[in-house]
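Participant: Return atomic coordinates for the entry below.
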Amino acid sequence: MLARRLVLVSLCACAALTLTGRSRADNWPQWRGVRGDGVCDERNVPIRWSKTENVLWRLPLPGPAGATPVVWGERIFLTSVAGPEKSDLVLLCVGAGGQPLWQETIARGSKDVRNDEGNYASPSPSTDGKHVWAFFGTGDLACFTVEGKPVWHCNVQERFGKFNIQFGMASTPVLDRGRLYLQLIHGDGNPATREARVVCLDAASGDTIWQTERPSDGRQECEHSYASPVLYRDAARSFLVTHGADYVVAHDLADGRELWRCGDLNPKGQYNNTLRFVASPVAVPGLIVVPSAKKLGMLGLMPDGSGDLTDNLAATYWRWTNNTTDVPSPLVAGDLLYVCKEGGELLVAEAKSGEIVYLEPTTRDRHRASPVFADGHVYLTARNGTITVVKAGRKFEVVAKNELGESTSASPIFANGRLYVRTFDALYAIGK
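Facilitator: Residues are numbered from 1 along each chain as shown. Just a heads-up that it's a prediction; the model follows:
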C-alpha cells in the first residue's frame, strides 16, 4: 500500500507541475528517496548556495552522524549521537521551519569508527508519514509515530545473532508496503557459526515475517558488508537485492528464498581479504548495477536470471574489471549511469551497454555520500562539505560548487522544493 500511495502522490504532483510550472511537493521517505534510486522528480530545485546564500535556516545538531535525513510533509526525521560523551543514540523530528519538535533516546553505547568516518548513527531512518523507523549500529531498531510516541523497539542482535563487523553495522533497512527488510551480513571468522542472514519484519509490530541464512565462502573482512539492501521492481517482478560477502543475491519477497546470485566480485584468482562492500547496488526497471570496492569492477545485471549467474554472460549487460565506486552508491538517470569515485572523479557511462562516456575530476576530496539527481543535475557531496552540481548528460559541465565549510558524509535530499543537507554540525534547509 505504501508504494501505491507514493505513486498516486507522485502522479498528482506531476499534474500540479504541468499546470503551474512551480516546484512540486514531494516526500523523501527513506535513504535514496521514493524509489530507492537517488532520483528526485522535483523541478526548480536549488543549484547554488553558500553558508549564507539561499539558506532558509540552519539547525545545530546534538552530535555528528552520517545518517541521511528523511522528510514527509512538514516533518524531517534524522538520527544522531547526543549527550555529553556523544554516546546516546537518538531519533529527532524537526519542523519544516527548522524548529525541533521532539527527540527520543533509543539506545546508548555508540563508538567512533575509523577516526572521523562515522559512528553508530550511520543507518538512515524511514517513514511512511504515519510512523518512523530508526536503526542503529548497536542493533537497536525502533518504531515511533510521527508525533513521537513509541510503538515498538527490539534489538536485532538479541533476536538474530551478535554482530561482528569491523567498522560497525551501517546498513539501512528498506521499508516497502508495510515491511522492513534488513541485511545482516557480518562474519565471525568461523564458517560454522557465522550469522549472516536476511530478515523481513512487519513494520507495524516488529514481528518477524521470515528470516533466511545468506551463505558465502567469503573470508576475513570480506565477510562484512556495510551496504544496504535495495528493492527491484518492474511490471513483471519484484524482489530484494542484498550485497556483501563477495556476492550480490536476489531474494523472493514472500519468503526470502534465494532466486539468484552473482559472484566473482572479489576475483578468486586474486582474492583480497579486505574487500568489504560499502556501496549499495542501484536497481531500475530492466537493470541492476552492482559495485564492488577498492578500484575493482562493476557489472550491469539483467533482472530475470535464476541460479548462479557468476559465469552466465547471457545474464549480464556488461562487466568492468575496474572503475568501481568504493563508498558512494551508483546512480542511473535516464539512459546514463553516474559513478562517483572515492576521490571525486565522476564517471558517466551508458547504462545498458556500459560504454564509458567520460571520466572527469570534480572536487578533490574524499566522497562518502551517494550522488542524487534532480531537475537535470547530479549532486556530488565531498567530505569537506562541498557539493558539486554537474549538468546531467553526455557532456561534462560543472554548474556550481557550493561550500558550507562543514564535514559531511550524508547524502543531500530534496523535498517540497527544498534541498536538505546534513553536516556533522547542523541540518541546513536550502531554497530560493
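Participant: Show me the strands in the stretch 1-150 of the chain, by range?
Facilitator: 39-40, 55-60, 70-72, 75-82, 88-95, 100-108, 126-127, 131-135, 140-145, 150-155 (DSSP state E, counting those that start in this stretch).
Participant: Quick check: residue 419 vs residue 372, distance?
Facilitator: 9 Å (C-beta to C-beta, to the nearest Å). C-beta: built from backbone N, CA, C; applies to glycine.
Participant: joint contacts of the two?
Facilitator: Common neighbours of residue 419 and residue 372 (criterion: C-beta atoms under 8 Å, 6 or more residues apart in numbering): 412, 413.
Participant: As CSV, the strands of the stretch 1-150 of the chain with distance to residue 412, mean pLDDT and mean neighbour count would be great.
Facilitator: Formatted as CSV, the strands of the stretch 1-150 of the chain follow (distance: least, C-beta to C-beta, whole Å; pLDDT from 0 to 100; neighbours: other C-beta atoms under 10 Å):
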stretch, distance to residue 412, mean pLDDT, mean neighbour count
strand 39-40, 10, 96, 22
strand 55-60, 13, 98, 16
strand 70-72, 12, 98, 23
strand 75-82, 13, 98, 24
strand 88-95, 16, 98, 22
strand 100-108, 21, 98, 16
strand 126-127, 17, 98, 24
strand 131-135, 20, 98, 26
strand 140-145, 24, 98, 20
strand 150-155, 29, 98, 15
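Participant: any chance of these in JSON lines, plus distance to residue 381?
Facilitator: Compiled in JSON lines, these are given as follows (distance: least, C-beta to C-beta, whole Å):
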{"stretch": "strand 39-40", "distance to residue 381": "14"}
{"stretch": "strand 55-60", "distance to residue 381": "16"}
{"stretch": "strand 70-72", "distance to residue 381": "17"}
{"stretch": "strand 75-82", "distance to residue 381": "16"}
{"stretch": "strand 88-95", "distance to residue 381": "20"}
{"stretch": "strand 100-108", "distance to residue 381": "24"}
{"stretch": "strand 126-127", "distance to residue 381": "20"}
{"stretch": "strand 131-135", "distance to residue 381": "22"}
{"stretch": "strand 140-145", "distance to residue 381": "27"}
{"stretch": "strand 150-155", "distance to residue 381": "31"}
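Participant: Between these, which one is closest to residue 296.
Facilitator: For those, the distance to residue 296 is smallest for strand 39-40, at 25.8 Å, taking C-beta to C-beta.
Participant: List the neighbouring strands of the closest one plus their orientation.
Facilitator: If you go by DSSP bridges, strand 39-40 pairs up with strand 372-374 (parallel).
Participant: How far away from the center of its chain is the partner strand?
Facilitator: 13 Å (C-alpha atoms, centre = their mean, to the nearest Å).
Participant: Stretch 339-350 too?
Facilitator: 17 Å.
Participant: before we move on, what about stretch 383-396?
Facilitator: On C-alpha atoms, centre = their mean, the centre of stretch 383-396 falls 19 Å from that of its chain.
Participant: now that stretch: mean pLDDT?
Facilitator: Mean pLDDT, computed over stretch 383-396, is 98.
Participant: Residue 161 is in contact with residue 195, isn't it?
Facilitator: Yes. Shown here, residue 161 and residue 195 form a contact pair, counting by C-beta atoms under 8 Å, at 3.2 Å.
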